[in-house]
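K.L.:
Have a look; sequence and predicted model below, questions after that.
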Amino acid sequence: MPIEIIAVDDGSTDNTVEKIAALARNDSRIHLIELTRNFGKEAAIHAGLKAAEGKAVIILDADLQHPPELIPQMVKLWSSGVLVVEAIKADRGREPIASKVFSYIFYALFHFFTHLNIRGLCDFKLLDRHVVNTYLAFPENQRFFRGLIDWSGYPSARIPFKVALRKGTGGSRWSRFRLLCYAIDNITALSSLPLRIVSWTGAFSLALGLIIGILSLWQKWQGVALDGFTTINLLIVIIGGTVLMGLGIISHYLRRIYEEVKGRPSYLIKPKKNQGSNK
């Protein structure tokens, strides 16, 4: 079976590019795509899929936490007619407890907001050419690969695997804050439910305010002395915080719209150096 290997360098700072370029000069099946800087995992996946030409494409990380030994099994399932073969984590390996808790909360919230269940899924997948073309045809620049593939609803099969130890000297660039921003981006990319929650919260606050106002007028009409500045101040703080949170959610969606309408590419590729027989 003819194959090609496409390595996408997402702004590495070691000698990764030199090593892959050396391999590419001696093997026409190896191709190097070097992004001009670190654009993020989603952009790197998009660049690799766009460059791939095969009837099926397999995506896996370079740190070998995704075991290449599963590839023959994935190809066998694809040959039987499955369009998407997904590797699913049987466990999360030796991740810190905080990371496992964060992942659990993210997947629970993602399922609540989008009704898509991607718990345990990762970017290690085999995609049929038809699925790849569909993914590349999506108009948005800011993408969530796992979410969009699950959203597409193509027939799929899942293979469990144990996460291996990370290979290489470099550590992960994903800080807690960056993971939080990534989670928010992914939820808002596939769901408008947060906006509806803002509307529902506003309607609830309006109804609560009307009830309190009617009760206050009734007490005044009955000649009962009005008291409760502490309660009023507390309500002001709660409602003010709710309004600011709602504005934050709305501004996040506005930012996404702003990023999309600019039409700026999600990544840039460096001009190719001499890689032997590479295109």
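P.N.:
Thanks, I have the structure now.
K.L.:
can you give me the strands for the stretch 1-150 of the chain?
P.N.:
With DSSP state E, counting those that start in this stretch, the ranges of strands along the stretch 1-150 of the chain come out as 5-9, 30-34, 56-59, 84-91, 121-128.
K.L.:
Pick out the shakiest of those, pLDDT-wise.
P.N.:
Here the lowest mean pLDDT among the strands of the stretch 1-150 of the chain goes to strand 84-91, at a mean of 90.
K.L.:
Report the buried residues of stretch 182-198.
P.N.:
The neighbour-count check on stretch 182-198 (16 or more other CB atoms under 10 Å) flags Tyr182, Ala183, Asp185, Asn186, Ile187, Thr188, Ala189, Leu190, Ser191, Pro194, Val198 as buried. In short, each C-beta sits where N, CA and C put it, glycine included.
K.L.:
same thing with stretch 8-23?
P.N.:
Using 16+ other CB under 10 Å as the test for burial, stretch 8-23 gives Val8, Asp9, Asp10, Thr16, Val17, Ile20, Ala21, Leu23.
K.L.:
Can you check the pLDDT for Asn207?
P.N.:
No Asn there; residue 207 is Ala. Reading off the model, Ala207 has pLDDT 84.
K.L.:
sorry, back to before: tabulate the buried residues of stretch 182-198 (a markdown table), appending secondary structure, pLDDT and distance to Arg129.
P.N.:
Formatted as a markdown table, the buried residues of stretch 182-198 follow (DSSP: H, G, I helix; E, B strand; the rest coil; pLDDT from 0 to 100; distance: CB to CB, whole Å):
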| residue | secondary structure | pLDDT | distance to Arg129 |
| --- | --- | --- | --- |
| Tyr182 | helix | 83 | 28 |
| Ala183 | helix | 84 | 31 |
| Asp185 | helix | 88 | 28 |
| Asn186 | helix | 89 | 25 |
| Ile187 | helix | 90 | 29 |
| Thr188 | helix | 88 | 30 |
| Ala189 | helix | 87 | 24 |
| Leu190 | helix | 90 | 24 |
| Ser191 | coil | 90 | 29 |
| Pro194 | helix | 90 | 35 |
| Val198 | helix | 87 | 41 |
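K.L.:
With distance to Arg94 added, can I get those in JSON lines?
P.N.:
As requested, those are arranged in JSON lines below (distance: CB to CB, whole Å):
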{"residue": "Tyr182", "distance to Arg94": "21"}
{"residue": "Ala183", "distance to Arg94": "22"}
{"residue": "Asp185", "distance to Arg94": "27"}
{"residue": "Asn186", "distance to Arg94": "24"}
{"residue": "Ile187", "distance to Arg94": "27"}
{"residue": "Thr188", "distance to Arg94": "31"}
{"residue": "Ala189", "distance to Arg94": "30"}
{"residue": "Leu190", "distance to Arg94": "30"}
{"residue": "Ser191", "distance to Arg94": "32"}
{"residue": "Pro194", "distance to Arg94": "33"}
{"residue": "Val198", "distance to Arg94": "39"}
